[in-house]
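S.K.: dropping the sequence and predicted coords here.
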Amino acid sequence: MEKRAMVGAAGLFTDDLILEILSRLPARSLHRFKCVSVPWRDLISDPANRKKLPQTLAGFLYMSISTNRIHHHFASVSGAAALFDPSLPYLHPNKDERITQVDACNGLILYRGSNKSWDDFRFVVCDPATGRWVELPPRPTPAPVNRYSRTAGLAFDPAVSSHFHVIQFEETYSSSMTAVIIYSSRTGAWSRRDCGIAERVGMFCSGKCVFVGGMMYVIGILEQFALVGVDTEGKVWKTINLPRVGPTFGTIGSSQGCLHYAIASVDDNDKILDSEISLWCLKDHDSKELVLKHTASIDKLMSTTGLGYRVVAIHPDCGTVFLVSRRGDTLVAYDMQRQRVGCILNLEKNNIQQFLPYVPLFSEPLAGADGQ
């Protein structure tokens, strides 16, 4: 009787009221509710409702190289077609310009365009879901001349503001961090801040940046591998030692609003020593300690495919990591908690193996957008 009454009451809800309720749920719960009924599935999947509902991971943007040209691709985790042309031709009308993917943050993508030298380039921030973009003004020249800027990250939190920052790490030719150069969409200008860490900090070759909890993080080298964090004004700096698990190859990412680090042991030939992967999490935004969240074995995955894998990404909504095969032709989702394989994505050959997680953003305007 009670169940029948509940079903009858649910039928009194209008679509607008259901959307209002669903919009307050996290993306992972929202997608589970597609299974409630056909009308709910259609309501949640309707493109007209995307602006009102939270989004989850759609897939990964990545690049490949052939005949000296860069090609842009999208690997969908659901099998659905990309919502946009991943090459975004409107960002580079000059066909001789090379445009590369740099970073992704909460629906926005940072691109670098260049047709000359490595140091002569422009930055563009784009929302591919809406087609809006903004080209950043020229950066200040690094000083002195023996310094340059290679690693850059995008800082954007639509829950806080529609404005964004681009943070570029300045380093010497010996890869010592010296400063950050910061662009603010609020001011429309760049500023420079000296490195606020007393010790000499080396820059790790991967150059992957992650923005979470108001801080931009990158992997650096002090006495050991460590996370280096800086706020969007370049005033607050901190370091967090990474776990010592023998020789390691890991990646950082933002998941469920927290900073995560996933690692697998490797030997000198970059082969997995054992099949255990560990997932670590920063306790809270003010903490300087990573705690172990999950460990998982990928014995079955390796024995089934006969391939080795390395961790390249972390799901933004759950404890799933993504691994790329040593041959570079497949990307595998692996649920750390349940220890089982999810989707297996086929990749283009000769890919650069930099995978940017993409979560569509429909609800926020792009601050300072000058194109659409």
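M.R.: Thanks, I have the structure now. Numbering: from 1, shown residues only.

S.K.: buried residues in stretch 83-101?
M.R.: Buried residues in stretch 83-101, counted by 16 or more other C-beta atoms under 10 Å: 83-84, 86, 88, 91-92, 99, 101. C-beta: built from backbone N, CA, C; applies to glycine.

S.K.: actually stretch 71-78, sorry about that
M.R.: Quick answer for stretch 71-78 (16+ other C-beta under 10 Å): 71-77.

S.K.: now intersect those residues with the strands, please.
M.R.: Among the buried residues of stretch 71-78, DSSP state E puts 71-76 in strands.

S.K.: re the thing from before, can you lay out the buried residues of stretch 83-101 as TSV showing secondary structure, pLDDT and distance to residue 127?
M.R.: Formatted as TSV, the buried residues of stretch 83-101 follow (DSSP: H, G, I helix; E, B strand; the rest coil; pLDDT from 0 to 100; distance: C-beta to C-beta, whole Å):
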residue	secondary structure	pLDDT	distance to residue 127
83	coil	80	11
84	coil	88	10
86	coil	92	14
88	coil	90	11
91	helix	88	12
92	coil	82	17
99	strand	89	16
101	strand	94	14
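
S.K.: ends of stretch 42-57, what's the gap?
M.R.: End-to-end span of stretch 42-57 (C-alpha to C-alpha, to the nearest Å): 19 Å.

S.K.: scratch that, stretch 298-317
M.R.: With C-alpha to C-alpha applied, stretch 298-317 spans 21 Å between its terminal residues.

S.K.: for the stretch 151-300 of the chain, which segments count as strands?
M.R.: In the stretch 151-300 of the chain, the strands defined using DSSP state E, counting those that start in this stretch lie at 164-172, 177-184, 189-194, 202-203, 209-212, 215-221, 225-231, 237-241, 248-255, 258-266, 272-282, 290-297.

S.K.: export the second one to PDB, keeping only CA atoms.
M.R.: What that stands for is strand 177-184. The C-alpha coordinates for strand 177-184 follow below in PDB (Å, rounded to 0.1, in the frame of the first residue of the first chain):
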ATOM      1  CA  MET A 177      61.400  26.400 -10.700                       C
ATOM      2  CA  THR A 178      61.900  30.100 -10.300                       C
ATOM      3  CA  ALA A 179      58.500  31.800 -10.500                       C
ATOM      4  CA  VAL A 180      54.900  31.600 -11.800                       C
ATOM      5  CA  ILE A 181      53.400  33.800 -14.400                       C
ATOM      6  CA  ILE A 182      49.600  34.200 -13.800                       C
ATOM      7  CA  TYR A 183      46.900  35.400 -16.100                       C
ATOM      8  CA  SER A 184      43.600  36.600 -14.500                       C
END
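
S.K.: quick one: contacts of that strand?
M.R.: For strand 177-184, the surrounding residues in contact (C-beta atoms under 8 Å, 6 or more residues apart in numbering) are 123, 136-137, 139-140, 142, 147, 149, 163, 165-172, 189-195, 197, 201-203, 220, 228, 230, 232-234.

S.K.: listing partners with orientation, what would you give for it?
M.R.: According to DSSP bridges, strand 177-184 has the following sheet partners: strand 164-172 (antiparallel), strand 189-194 (antiparallel).

S.K.: out of these, which is the most enclosed?
M.R.: Among these, strand 164-172 has the highest mean neighbour count (mean count of other C-beta atoms under 10 Å), at a mean of 23.

S.K.: now that strand: mean pLDDT?
M.R.: The average pLDDT within strand 164-172 is 93.

S.K.: for that strand, C-alpha coordinates in PDB please.
M.R.: Extracted in PDB, the C-alpha atoms of strand 164-172 (Å, rounded to 0.1, in the frame of the first residue of the first chain):
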ATOM      1  CA  PHE A 164      39.600  31.700 -14.600                       C
ATOM      2  CA  HIS A 165      43.300  31.900 -14.200                       C
ATOM      3  CA  VAL A 166      46.200  30.500 -16.300                       C
ATOM      4  CA  ILE A 167      49.300  29.700 -14.200                       C
ATOM      5  CA  GLN A 168      52.600  29.100 -16.000                       C
ATOM      6  CA  PHE A 169      55.600  27.800 -14.200                       C
ATOM      7  CA  GLU A 170      58.900  29.600 -15.000                       C
ATOM      8  CA  GLU A 171      62.000  27.500 -14.800                       C
ATOM      9  CA  THR A 172      65.700  27.600 -15.700                       C
END
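
S.K.: what about that strand, distance to the chain center?
M.R.: Taking C-alpha atoms, centre = their mean, to the nearest Å, one finds the center of strand 164-172 at 16 Å from the center of the full chain.

S.K.: could I get the strands of the stretch 151-300 of the chain as JSON lines with distance to residue 43?
M.R.: As requested, the strands of the stretch 151-300 of the chain are exported to JSON lines (distance: least, C-beta to C-beta, whole Å):
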{"stretch": "strand 164-172", "distance to residue 43": "31"}
{"stretch": "strand 177-184", "distance to residue 43": "39"}
{"stretch": "strand 189-194", "distance to residue 43": "44"}
{"stretch": "strand 202-203", "distance to residue 43": "47"}
{"stretch": "strand 209-212", "distance to residue 43": "31"}
{"stretch": "strand 215-221", "distance to residue 43": "37"}
{"stretch": "strand 225-231", "distance to residue 43": "40"}
{"stretch": "strand 237-241", "distance to residue 43": "42"}
{"stretch": "strand 248-255", "distance to residue 43": "27"}
{"stretch": "strand 258-266", "distance to residue 43": "30"}
{"stretch": "strand 272-282", "distance to residue 43": "34"}
{"stretch": "strand 290-297", "distance to residue 43": "34"}
